[in-house]
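Chemist: Predicted structure and sequence below. I'll ask about it afterward.
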Amino acid sequence: MSHDVAEQKLKAELANPVEPLLPIEKKLIGWSLGLGLVLLVILVILSRLFPVG
């Protein structure tokens, strides 16, 4: 029976409209993506300057 209850809760949650992101959430996503890209570029540069083997 717990499977049915979980499925009903899931259906009820999916029926709710999507909440918009808060400004702080948008800022955190932007900073995370930016930091990831910057670190990726640094890693590529370092791997070109100091090749292994």
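Modeler: It's in.

Chemist: From now on I want contacts and neighbour counts done on CA atoms only, so please keep to that.
Modeler: Will do.

Chemist: quick one: contacts for residue 50?
Modeler: With contacts defined as Cα atoms under 8 Å, 6 or more residues apart in numbering, residue 50 has no neighbours.

Chemist: Just the pLDDT at it, thanks.
Modeler: Per-residue confidence at residue 50 stands at 94 (pLDDT).

Chemist: again with residue 1
Modeler: Residue 1 carries a pLDDT value of 56.

Chemist: Show me the helices in this structure, by range?
Modeler: Shown for the chain, the helices assigned by DSSP state H span residues 2-15, 23-49.

Chemist: Adding mean neighbour count, write these out as TSV.
Modeler: Listed next are the helices of the chain as TSV, based on neighbours: other Cα atoms under 10 Å:
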stretch	mean neighbour count
helix 2-15	10
helix 23-49	11
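
Chemist: which stretches of this structure have low pLDDT?
Modeler: Applying pLDDT under 70 to the chain flags the ranges 1.

Chemist: Which residue lies nearest the spatial centre of it?
Modeler: To find the centre residue of the chain, average its C-alpha atoms and take the closest one (Cα atoms, centre = their mean): that gives residue 29, at 7.3 Å.

Chemist: need the contact list for that residue.
Modeler: For residue 29, the set of contacting residues under the criterion of Cα under 8 Å, 6+ apart is empty.
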